[in-house]
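Colleague: 3D, please:
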Amino acid sequence: MPRITEEELQSMLQKNPKLRIHQTGGTDEKCTRALVDQISKKINSKPKEPKPSKYRNIKVYVYKNGFVSKGEKVSKLGTPEIVFDSIKEYERWGALQMLERAGAIRDLQRQVPMEIAPKAVAADGEKLRAIVYKADFMYINTEGQIIVEDVKPFDKKSGKYRTTKDFNLKWKLLKAKYTDRLFRMV
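Modeller: Predicted structure coming up:
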């Protein structure tokens, strides 16, 4: 790590008058060197790359004017009206909207909260929050059945949808609690 000189430190202090250096103990030279090292680390450090999502999906942002951006928000367009967790989820929403317009389904909703377990108080007095699952989509088909859909990536090698242990547990609990609904992964 390159060290900065006393002149560079003074230059930084002139450019940023709010920057304060306080001696915390030890010899002046040791403290100054430690502070100079800390400052140079902050200056020379690269911004952290955002962590990739669990399934390497790309978010989709839909704005009020109808503009759609994939991967990044477009600040010029303001706050996105709708955010989809993946391109696949966005495309499925479009397909379901077309089915609703055609009369094949009705009462289409997205991000519907479904309670798995209510909030409670444990024996030791700890307050436990309710366990809630948000369904990607929920609608009623022509037979009157309530369909709950969750969009997941499909692994062609294994022939299964890619899910986590937490999701699998919640999915099973939902199926047990809401027996009047059909659950689908797409």
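Colleague: gap between residue 77 and residue 84?
Modeller: Separation of residue 77 from residue 84 (Cβ to Cβ, to the nearest Å) stands at 16 Å. C-betas here are computed from N, CA, C, even on glycine.
Colleague: Which one's more surrounded, those two?
Modeller: When neighbours are counted by other Cβ atoms under 10 Å, residue 84 comes out ahead of the other of residue 77 and residue 84, with 24 against 15.
Colleague: show me where the protein has strands.
Modeller: 60-62, 68-70, 82-84, 105-117, 120-121, 127-128, 131-141, 146-150, 154-155, 160-161, 181-185 (DSSP state E).
Colleague: Dump these into a markdown table; add mean pLDDT and distance to residue 96 as well.
Modeller: Shown next, in a markdown table, are the strands of the chain (pLDDT from 0 to 100; distance: least, Cβ to Cβ, whole Å):
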| stretch | mean pLDDT | distance to residue 96 |
| --- | --- | --- |
| strand 60-62 | 94 | 15 |
| strand 68-70 | 91 | 16 |
| strand 82-84 | 94 | 12 |
| strand 105-117 | 96 | 6 |
| strand 120-121 | 94 | 35 |
| strand 127-128 | 94 | 34 |
| strand 131-141 | 96 | 6 |
| strand 146-150 | 97 | 8 |
| strand 154-155 | 90 | 18 |
| strand 160-161 | 92 | 18 |
| strand 181-185 | 96 | 12 |
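Colleague: residues touching residue 142, list them.
Modeller: 103, 104, 105 (Cβ atoms under 8 Å, 6 or more residues apart in numbering).
Colleague: any idea how far the second one lies from residue 154?
Modeller: In other words, residue 104. To residue 154, residue 104 is 23 Å away according to Cβ to Cβ.
Colleague: lowest confidence element among the helices and strands of the chain?
Modeller: Every helix and strand of the chain was ranked by mean pLDDT, DSSP states H and E. The lowest is helix 28-44, at a mean of 69.
Colleague: What residue spans form the domains of the chain?
Modeller: 6-44, 60-185 (automatic domain parsing).
Colleague: Looking at the ones you listed, which is nearest to residue 51?
Modeller: Distances from residue 51 to each of the domains of the chain were compared using Cβ to Cβ; the shortest belongs to domain 60-185, at 14.6 Å.
Colleague: what distance separates that closest one from the middle of the whole chain?
Modeller: In terms of Cα atoms, centre = their mean, to the nearest Å, the centre of domain 60-185 is set 14 Å apart from its chain centre.
Colleague: first to last residue in stretch 56-69, what's the distance?
Modeller: 17 Å (Cα to Cα, to the nearest Å).
Colleague: buried set for that stretch?
Modeller: For stretch 56-69, the neighbour count (16 or more other Cβ atoms under 10 Å) marks 57, 59, 60, 61, 62, 63 as buried.
Colleague: Stretch 68-81 too?
Modeller: So, applying 16+ other Cβ under 10 Å, buried residues of stretch 68-81: residue 80.
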